[in-house]
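Visitor: Fold the following for me, if possible:
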Amino acid sequence: QVNLVESGGGLVHSGGSLTLSCAASGRTLSLNVMGWYRQAPGEQRDLVATITDLPGTKLSGTNYADSAKGRFTISRDYLKDTTYLRMDGLKPEDTAVYYCTARSRTGLEYWGQGIQVTVSS
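Guide: Numbers count the residues shown, from 1 in each chain. Coordinates of the predicted model:
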């Protein structure tokens, strides 16, 4: 079992920055994909970024939604069992609930409870 807890959300002005954190606990060594999704009111939950750890394959690395490219950076600290989403140049359309997600090597998926990010114009 894996537990994910997000932090770092809040209110920021347009053009500002935030860094979200996702602290994982439990069977974290089994996790080979960490990611962030977001869901705006009335919208579906969309991928923001993922970071994949599959040594020796072309799948390892980071992946970003077009809306996040050039502005957001996902990273993972294995010692702290924490995944980060650095968000720069925030826009009002980035306002959403952001969810941390993880997938294990056996295909199990886990989700955090979500954290609100609000960008004012």
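Visitor: Just give the closest residue to residue 89, not the sequence neighbours.
Guide: residue 71 (4.6 Å; Cβ to Cβ, 6 or more residues apart in numbering). C-beta coordinates here come from the backbone N, C-alpha and C atoms, glycine included.
Visitor: Actually, residue 59.
Guide: The nearest residue in space to residue 59 (Cβ to Cβ, 6+ apart) is residue 52, at 5.3 Å.
Visitor: Check the burial of the one you found by counting its neighbours.
Guide: 17 (other Cβ atoms under 10 Å).
Visitor: Specify the beta-bridge partners of it.
Guide: With DSSP bridges as the criterion, residue 52 is bridged to residue 33, residue 61.
Visitor: Please apply the same query to residue 22.
Guide: Beta-bridge partners, per DSSP bridges, of residue 22: residue 6, residue 83.
Visitor: Let me see the contact set for it.
Guide: Taking Cβ atoms under 8 Å, 6 or more residues apart in numbering, we find residue 22 in contact with 4, 5, 6, 34, 36, 82, 83, 84, 85, 100, 112.
Visitor: Tell me how many other residues crowd residue 16.
Guide: 14.
Visitor: distance of it from residue 91?
Guide: 10 Å (Cβ to Cβ, to the nearest Å).
Visitor: anything in contact with each of these two?
Guide: By Cβ under 8 Å, 6+ apart, the residues touching both residue 16 and residue 91 are residue 119.
Visitor: For the residue nearest the centre of the chain, give its distance to residue 56.
Guide: By Cα atoms, centre = their mean, the chain has its centre lying nearest to residue 36, at 2.4 Å. Between residue 36 and residue 56 the distance is 25 Å, computed by Cβ to Cβ.
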